[in-house]
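Trainee: mind looking at a prediction? Sequence and model below.
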Protein chains: 2
Amino acid sequence: MSRVPALKSLSGIRRVSGMSRSKGPLVDVHTHVYLPRYAAELRARTVAPRILNWVNSAGQTEERLLILDGEPSAGRPVGPQYWDRDEKLQFMRKHEINISFVSSANPWLDFLPAARAHSLAKELNNDLEEYCSTSPEAEGFAGLKSLYGFGLLPLVPEIDIPSILQTIDQIKSLDHIRGVIMGTRGLGKGLDDEALEPVWEALQNANLVIFLHPHYGVDSKAFGDKPNGHVLPLALGFPFETTISITRLILAGVLDRYPSLRVMLAHSGGALPQLSSRLASCIDHDPIVAKRLKHDARFYLGQLYYDAVAYGPEELDFVSEIIARSSRYGATGGVYEKQIGTKRLLFGTDHPFFPPLKASQKWQSVEDNLGAIRAARWNGLGDTAQANVMGNNALRLFNLSE
Amino acid sequence: MSRVPALKSLSGIRRVSGMSRSKGPLVDVHTHVYLPRYAAELRARTVAPRILNWVNSAGQTEERLLILDGEPSAGRPVGPQYWDRDEKLQFMRKHEINISFVSSANPWLDFLPAARAHSLAKELNNDLEEYCSTSPEAEGFAGLKSLYGFGLLPLVPEIDIPSILQTIDQIKSLDHIRGVIMGTRGLGKGLDDEALEPVWEALQNANLVIFLHPHYGVDSKAFGDKPNGHVLPLALGFPFETTISITRLILAGVLDRYPSLRVMLAHSGGALPQLSSRLASCIDHDPIVAKRLKHDARFYLGQLYYDAVAYGPEELDFVSEIIARSSRYGATGGVYEKQIGTKRLLFGTDHPFFPPLKASQKWQSVEDNLGAIRAARWNGLGDTAQANVMGNNALRLFNLSE
């Protein structure tokens, strides 16, 4: 595939005058794709995850995506918005998004045998590099592309660690891939598996952002048998899964050993912020765990990044507050720094999921998340905080600005 | 058993001058007991839940409580603090708690066949009435006892609804029992079971508070196999269970049909506040659910009560904010009322769980929750808000003051 000149250090980004957004770019860090090669893989399958042909109520055949067995309504309709780059760019223009950091959607490579996961990861990373590197320049931001991406690692049972490290090396060499998206299963035993130690080390050294994203939720028996559609697994199961996974990572001491690891949590960290003082208290009462950790649990929440996909301003204010208070729990007993709370939250859309119910100019899910950023009080930090969350934080996190 | 005169309408409560707490009582709404009759039931069992004799590392035999199969360290040591009323009163004096609303601890009657659950509920409710009615007067609050309670309903599979309604009638007749504590399983199919409709109606009519409390957590496979003690099931599993249960109750329309039902959520509502805008968005995208509900999901959070057992001031501020914003989502599009946010949060300790690691004057878990109430900003409402959360809200909720 064609390669573009290295962009990793971009000191010469300049803003084009006359653009409509006066305070900075709008950057989407949570936006998904099923690359054509991946969609083909799903079409060839006969069990979930799969893409299948389905006759809808109008008698027409459409493609549907069944991500998990037993989903209501045989999954959801899928079309070009899931794989066609033009659709992504059109969605971005409609919502005035300047730059998107695109990631493969769940379940990634989880269902594949190790050898196939390794080879497909490599192919999909190359596909995504091409998808990004050949994208138009970001409107208003000379020197920047519209599209960057998160790569995939072959994190599946029975993979050998050198294959994962080799894939990290590959991603490092791809100039438009700035991180990896990761589910919660690791090699089958979760992210607190000691076997992953070299992976954390390599990701830290490569300065790649880990986008931690749910797929499995929690055991669906907990949701009962009432006709609630996707509401319970999506609204609760997904964020619970992320919360459990990052908590296990913290409890395993991974953030103590790799303090420069850059982990971004999907859906604003799920329930972690609201349960973090309870977590700290439970750890205090379990000496075997408390002794293992360097800090109060609340400290680690200030080391993490959070997408701003929480749909409400109060939720965003709260996450920002939880990040800010983390400085109190450092080894040296730092002071509260309200401005750091807004530097680790990043706008996202979750496109192409949550499409509008009616054909409309803009997507409600996107408007809700944008509106939440605009309505949040940000501890009185005003426009600067808003611009940070809208896009400046992303440019810094992904090394696209100073 | 001895009965005391009716106390349900207490217009003559007067504060005794000279007491140390100047702003109002300290009232604990989340404090548990295993009544002696219940402890005997657990001692007779050979599978969890059970109380067993265990030889500790010093070679001494002690009693341990195994609540769930597969708990680490054969459960936890138990002693008189779990069943002896004098220990409860001593704990209250140590922490200057004036009044406690005592509830049986999990797993309540869940493990019993229907007939035994029914008879034991009745016996335990009478025991608890005696436990409360014969307690000393609340220091500084003439006309009030130190102890009130939450009764038990025989909510188990195969129970007939009249037995439950009969138990509600019994509780109504017990002057010191002001509510019921309830797990999340209902009759085995969760609280969104249509069969429970007459139960909600009877509880609403009886003006009894439902204290919704977790026991099962979520499937423990999600927590992996690392030596994390009780941290993950307690810190995450418990609040997740409460969150799922109250969400299912909301989705089933129970709060629409019984808008005066008074539900108090354990552990400050678990993850519900932080996930409530996401929940609203997911409902918006699932028309079959959206059509069923009268309001935006966020409205219902303002109908609920929350204990203040969250261990951190930022968490309490957030819950208060989430309650306050609910007025925006009413049918008539109400305005934001910041003072209502602090009127539905109630101090609690979770005693006798989370005992101090070292013999000390006060319990860290209690100090953390009290400190959180003192440090919270309460939207600038100051001392009044603090006094409300410390105790005045509880007196109002349980009809002990105007």
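Mentor: Alright, I've got the coordinates. Please read these numbers as outputs of a predicted model, since none were measured by experiment.
Trainee: which residues in the stretch 251-400 of chain A form helices?
Mentor: A:254-257, A:272-284, A:287-290, A:297-300, A:313-325, A:364-375, A:382-387, A:393-397 (DSSP state H, counting those that start in this stretch).
Trainee: state the distance from A:L26 to A:V366.
Mentor: Distance, A:L26 to A:V366, using C-beta to C-beta, to the nearest Å: 10 Å. Every C-beta, even on glycine, is put in place using the N, C-alpha and C of the backbone.
Trainee: identify the contacts common to the two.
Mentor: A:H95 (C-beta atoms under 8 Å, 6 or more residues apart in numbering or on different chains).
Trainee: in which helix or strand does the residue most central in space within chain A reside?
Mentor: The centroid of chain A falls nearest to A:F211 when counting by C-alpha atoms, centre = their mean (4.1 Å). Taking DSSP states H and E as the criterion, A:F211 maps to strand A:209-212.
Trainee: which elements pack onto that strand?
Mentor: In terms of contact count using 3 or more C-beta pairs under 8 Å, 6 or more residues apart in numbering or on different chains; DSSP states H and E, strand A:209-212 is assigned the packing partners strand A:177-182, helix A:238-251, strand A:262-265.
Trainee: which of the ones you listed sits closest to A:W378?
Mentor: strand A:262-265 (19.0 Å; C-beta to C-beta).
Trainee: just checking: what are the partner strands of that closest one?
Mentor: strand A:209-212 (parallel), strand A:305-307 (parallel) (DSSP bridges).
Trainee: what lies in contact with stretch A:49-58?
Mentor: A:39, A:42-43, A:45, A:61-68, A:74-75, A:77-78, A:107, A:111.
Trainee: swap in 10 Å and give it another go.
Mentor: Identification of contacts with stretch A:49-58 by C-beta atoms under 10 Å, 6 or more residues apart in numbering or on different chains yields A:34, A:38-46, A:60-69, A:73-75, A:77-78, A:82, A:105-108, A:110-111, A:215.
Trainee: buried residues of that stretch, list them for me.
Mentor: A:P49, A:R50, A:I51, A:L52, A:W54 (16 or more other C-beta atoms under 10 Å in any protein chain shown).
Trainee: in a strand, that's where the third one is, yeah?
Mentor: Yes: with the criterion set as DSSP: H, G, I helix; E, B strand; the rest coil, the secondary structure at A:I51 is a strand.
Trainee: which element is the closest residue in space to it that isn't next to it in sequence on?
Mentor: Take A:I51 and drop its neighbours on the chain: the residue closest to it by C-beta to C-beta, 6 or more residues apart in numbering or on different chains is A:L42, 4.4 Å away. A:L42 belongs to helix A:36-43 when assigned by DSSP H and E.
Trainee: on that earlier part again, so for chain B, which of the helices of the stretch 251-400 of chain A sits nearest?
Mentor: helix A:272-284 (3.0 Å; C-beta to the nearest C-beta).
Trainee: pretty sure A:S401 is touching A:A138, no?
Mentor: No: using C-beta atoms under 10 Å, A:S401 is not in contact with A:A138, being 11.9 Å away.
Trainee: all strands of chain A, in order?
Mentor: A:14-15, A:27-33, A:50-55, A:61-66, A:76-77, A:99-104, A:141-142, A:147-151, A:177-182, A:209-212, A:262-265, A:305-307, A:345-346 (DSSP state E).
Trainee: how far away is the residue nearest to A:D317 when sequence neighbours are not counted from chain B?
Mentor: Leaving aside its sequence neighbours, A:D317 sits nearest to A:A376 (C-beta to C-beta, 6+ apart; 5.0 Å). According to C-beta to the nearest C-beta, to the nearest Å, A:A376 and chain B sit 11 Å apart.
Trainee: from A:E315, how far off is A:A376?
Mentor: On the measure of C-beta to C-beta, A:A376 and A:E315 end up 9 Å apart.
Trainee: these two: who's more crowded?
Mentor: Between A:A376 and A:E315, counting by other C-beta atoms under 10 Å in any protein chain shown, A:E315 is the more crowded of the two (28 against 25).
Trainee: which ones are touching that one?
Mentor: Taking C-beta under 10 Å, 6+ apart, one finds A:267-269, A:273-274, A:308-309, A:372, A:376, B:273-278, B:318, B:321-322 in contact with A:E315.
Trainee: repeat for A:F91
Mentor: A:D28, A:T31, A:Q81, A:I97, A:S100, A:T349, A:H351, A:P352, A:P355, A:K362, A:W363, A:V366.
Trainee: now A:A394
Mentor: A:A394 neighbours (C-beta under 10 Å, 6+ apart): A:24-29, A:99-101, A:148, A:178, A:209, A:264, A:305, A:307, A:346-348, A:388, A:400-401.
Trainee: and if you look at A:F111?
Mentor: So A:F111 contacts A:E41, A:L42, A:R45, A:V47, A:A48, A:P49, A:R50, A:A117, A:V156 (C-beta under 10 Å, 6+ apart).
Trainee: that older thread, any chance of the helices of the stretch 251-400 of chain A in TSV with mean pLDDT as columns?
Mentor: Output for these, formatted as TSV (pLDDT from 0 to 100):
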stretch	mean pLDDT
helix A:254-257	98
helix A:272-284	97
helix A:287-290	94
helix A:297-300	98
helix A:313-325	97
helix A:364-375	95
helix A:382-387	92
helix A:393-397	98
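Trainee: same list, the ones you listed, but as CSV with distance to B:T134 please.
Mentor: Below are those laid out as CSV (distance: least, C-beta to C-beta, whole Å):
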stretch, distance to B:T134
helix A:254-257, 52
helix A:272-284, 33
helix A:287-290, 39
helix A:297-300, 42
helix A:313-325, 44
helix A:364-375, 53
helix A:382-387, 57
helix A:393-397, 61
